[in-house]
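Q: got a sequence here, can you model it:
(one chain, ligands or ions: 1)
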Amino acid sequence: MKILVTGARGFLGKFLCKRLELEGHTVYPVLSSQCDLTKPGSLNCFKETAFDQIYHLAAWTQAGDFCLHHPGDQFLINQMINTNVLSWWHEKQPQAKLIAMGTSCGYAPENPLEEAYYLQGLPIDSLFTYGMTKRMLLVGLMALHKQYGHNYLYLIPSTLYGPDYHTDGRQMHFIFDLIAKILRGKNQGAPVTLWGDGHQKRELVHVEDFVSTLLHLSKICENTIVNIGAGVEYSIRECTNLICSQVGFPFENIDFDLTKYVGARSKVLSIARLKELHPTYSPRSLPEGLQETISWFAKKLA
Ligand SMILES: NC(=O)c1ccc[n+]([C@@H]2O[C@H](COP(=O)([O-])OP(=O)(O)OC[C@H]3O[C@@H](n4cnc5c(N)ncnc54)[C@H](OP(=O)(O)O)[C@@H]3O)[C@@H](O)[C@H]2O)c1
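A: Residues are numbered from 1 along each chain as shown. Predicted coordinates for the structure are as follows:
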């Protein structure tokens, strides 16, 4: 198949493109340096090719408290990116299936994190704009399907982890931040301070398991929304303990800064729908996936 991938050089995009190429597809990566998706018509350099699939991964965001401090820019940039991609799909590539990424931050915290509730209630204040722009992406896909019959799939990943993450100084997802801090503590004797009391819980999906699941669902589902989570969550303290024991750093040497931003106390996506669609879904365990991620970070920080 001929497949266009936006956000192809992002964390997920790198793994997805590699896997699509291994499966024999012709992949057309979209890089922001060549194609600024905030500009209408920026995808026209690809208009001569009729794509079978478009994976839309591009988004302007970072982890930590980035969303809290950039709501205005996130609204403008992500709305422009999503509107331009959807409009180009509608005008030039209506035959393609568009597969887009949502976010668990789009759910209202008081609701069950089940697909049927994704557009109900409001996302938490600190992630409100990011969550709402992701919801609007789904609204756009549903509207274009309803009026024109275009084919889409909208997937909601929980936090992804694995090797080959960004090391450009951006705010990292907590698990990468934990690994980097603990490695620096061990190798350089740097103090290790974590945000919050460590009791907040998160789930993590290895990026390669996510890609396998994404590719499986892209073949069997359309015009729907599916969560892709791990089904189990770990407290930050449990994750810290696992990293400490794999790195060989004493857990007792870690400080917890209770004044820092920590986000939601707990969020674990319902994977009932995913299990129905993909009964053999079984992402690797966190200790197994962490070992490889820690080794990659250790080499990068050496
Ligand atoms: N990683 C996670 O844990 C996670 C969890 C939930 C949802 N998601 C969603 O999954 C998708 C992929 O996540 P990720 O972790 O791979 O994100 P990422 O590493 O931040 O990659 C995002 C990509 O978006 C591209 N981009 C940003 N602004 C652009 C613009 N103006 N024009 C063209 N491209 C632009 C960047 O391209 P360049 O590199 O070329 O600049 C970047 O590669 C995102 O939509 C994200 O919201 C991710």
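Q: could you list the buried residues of the stretch of helix or strand residue 140 belongs to?
A: Using DSSP states H and E, residue 140 maps to helix 128-148. Applying a neighbour-count criterion of 16 or more other C-beta atoms under 10 Å, the buried positions in helix 128-148 are 128-138, 140-142, 144-145. Where C-beta positions appear, they are placed from N, C-alpha and C, glycine not excepted.
Q: show me which pair in those is furthest apart.
A: Maximum pairwise distance among the buried residues of helix 128-148 (C-beta to C-beta): 25.9 Å, between 128 and 145.
Q: before we move on, back to that, and the helix holding residue 140 with the ligand, contact?
A: No. Applying C-beta under 6 Å from any ligand atom, one finds helix 128-148 separated from the ligand by no less than 6.8 Å.
Q: packing partners of that helix?
A: Counting contacts by 3 or more C-beta pairs under 8 Å, 6 or more residues apart in numbering; DSSP states H and E, helix 128-148 is packed against helix 71-92, strand 97-101, strand 152-157.
Q: can you count the residues close to residue 255?
A: The number of residues packed near residue 255 is 9, by other C-beta atoms under 10 Å.
Q: what pairs with it across the strands?
A: Beta-bridge partners of residue 255, counted by DSSP bridges, are residue 193.
Q: how close does it get to residue 119?
A: In this view, residue 255 and residue 119 are 40 Å apart by C-beta to C-beta, to the nearest Å.
Q: cool, residue 238 as well?
A: The separation that residue 238 has from residue 119, given C-beta to C-beta, amounts to 32 Å.
Q: just the pLDDT for residue 171.
A: Per-residue pLDDT puts residue 171 at 84.
Q: got the contact list for the closest residue to residue 166 other than its chain neighbours?
A: Once flanking residues are discounted, residue 166 sits nearest to residue 11: 6.4 Å by C-beta to C-beta, 6 or more residues apart in numbering. By C-beta atoms under 8 Å, 6 or more residues apart in numbering, the contact set of residue 11 is 160, 162, 164, 165, 166, 207.
Q: hmm, try it at 7 Å
A: Neighbouring residues of residue 11 by C-beta atoms under 7 Å, 6 or more residues apart in numbering: 160, 165, 166, 207.
Q: could you list which of those residues also contact the ligand?
A: residue 160.
Q: using JSON lines, lay out the contacts of residue 11 together with secondary structure, pLDDT and neighbour count.
A: Formatted as JSON lines, those follow (DSSP: H, G, I helix; E, B strand; the rest coil; pLDDT from 0 to 100; neighbours: other C-beta atoms under 10 Å):
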{"residue": "160", "secondary structure": "strand", "pLDDT": "96", "neighbour count": "20"}
{"residue": "165", "secondary structure": "coil", "pLDDT": "91", "neighbour count": "22"}
{"residue": "166", "secondary structure": "coil", "pLDDT": "87", "neighbour count": "14"}
{"residue": "207", "secondary structure": "helix", "pLDDT": "97", "neighbour count": "22"}
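Q: dump the contacts of residue 11 to a markdown table, plus distance to residue 196.
A: A markdown table is the format used below for these (distance: C-beta to C-beta, whole Å):
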| residue | distance to residue 196 |
| --- | --- |
| 160 | 21 |
| 165 | 21 |
| 166 | 22 |
| 207 | 25 |
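Q: between the contacts of residue 11, which sits nearest the ligand?
A: Of all those, the ligand sits closest to residue 160, with 3.7 Å by C-beta to the nearest ligand atom.
Q: any idea how far that closest one is from residue 23?
A: 20 Å.
Q: quick check: residue 123 is in a strand.
A: No. Counting by DSSP: H, G, I helix; E, B strand; the rest coil, one finds residue 123 to be coil, located in no strand.
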